[in-house]
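# Test case, fold it:
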Amino acid sequence: MKGQKMTKSLIIACFCILVFSLPCHAKGAKLYKFDDLKFSIECPSGYEAEKTENTVSVVLSRAANKQSFRPIITLSSTPNTKPPIGLEAFFNLVLQNFLKDPNFSITLAEKTKLGSADIYRILYKRKVAPKDSNDKVIATKVLQVYMVEPSRVYAMNYAAAEGDFDGYLAVANEIFGTFRTLR
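As a prediction, this is how the structure comes out:
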């Protein structure tokens, strides 16, 4: 009897690991390809991506929330410079700009991987933030991810009011995890 319970628990655990490790598309996500921006993403069911010029946006909260600053993901792609700038040099320029500006407080800056690509992630709080409809400052938190290829520079941005940030972080990470460059 005890062995059957352990076996059943093991099967359930394996099933949960399998389900939560499947690609986003298997969960009813929608694939978006942006040939001109040279990337694709998948959005979980209930979220839509919208493109304007060289930026793609995914609003993460519903309109019914009536938030004046709604959690949002933006993804952009621009041609790399000539001669091309590398990831390290690009991130150092970004970091220098943040460190010069007293309105930003960096809480994380790290080099890591997205799939097989090297990326930099930076997490910061904005000390001077947007104002709501009552003219109150909204404290915001932002996670940015940078990827550089010889021909393109990619930037992914997740921004939310500080109180909403953790609530939408899993969705933001899921969408970031589906990011693929197109050749």
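# Which other helices and strands does the one helix or strand Ala160 maps to contact?
Assessed by DSSP states H and E, Ala160 sits inside strand 152-161. Packed against strand 152-161 by the contact rule (3 or more CB pairs under 8 Å, 6 or more residues apart in numbering; DSSP states H and E) you find strand 72-79, strand 140-148, helix 162-177. Quick note: C-beta positions are derived from backbone N, CA and C, even for glycine.
# and the ones you listed, which is most packed in?
strand 140-148 (a mean of 20; mean count of other CB atoms under 10 Å).
# Can you show me the helices along this structure?
2-21, 87-100, 162-177 (DSSP state H).
# looking at this structure, which helix or strand does the model trust least?
None of the helices or strands of the chain scores lower by mean pLDDT, DSSP states H and E than helix 2-21, at a mean of 36.
# returning to that earlier point: how about the helices and strands packed on strand 152-161 in CSV, adding distance to Lys100 and mean pLDDT?
CSV is the format used below for the helices and strands packed on strand 152-161 (distance: least, CB to CB, whole Å; pLDDT from 0 to 100):
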stretch, distance to Lys100, mean pLDDT
strand 72-79, 22, 96
strand 140-148, 16, 95
helix 162-177, 23, 93
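# want to try TSV for those, with distance to Ser40 as columns?
Formatted as TSV, those follow (distance: least, CB to CB, whole Å):
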stretch	distance to Ser40
strand 72-79	10
strand 140-148	14
helix 162-177	11
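# Out of those, which is closest to Glu50?
Judged by CB to CB, the one of the helices and strands packed on strand 152-161 that comes nearest to Glu50 is strand 72-79, at 10.2 Å.
# Could the C-alpha coordinates of that closest one be exported in CSV?
These are the backbone C-alpha positions of strand 72-79, laid out as CSV (Å, rounded to 0.1, in the frame of the first residue of the first chain):
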residue,chain,number,x,y,z
ILE,A,72,3.5,45.7,-20.0
ILE,A,73,6.1,43.9,-22.0
THR,A,74,7.8,45.6,-24.9
LEU,A,75,10.2,43.9,-27.3
SER,A,76,12.3,45.7,-29.9
SER,A,77,14.9,45.0,-32.6
THR,A,78,17.2,47.4,-34.3
PRO,A,79,20.1,46.9,-36.7
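# which residues are contacting that strand?
34, 37-39, 41, 54-60, 151-160, 172, 175-176, 179 (CB atoms under 8 Å, 6 or more residues apart in numbering).
# Go again with 7 Å.
37-39, 41, 54-60, 151-159, 172, 175 (CB atoms under 7 Å, 6 or more residues apart in numbering).
# now those residues: which count as buried?
37-39, 41, 55-56, 58, 60, 152-159, 172, 175 (16 or more other CB atoms under 10 Å).
# Does Ala161 have any beta-bridge partners, and if so which?
Counting by DSSP bridges, Ala161 forms beta bridges with Thr140.
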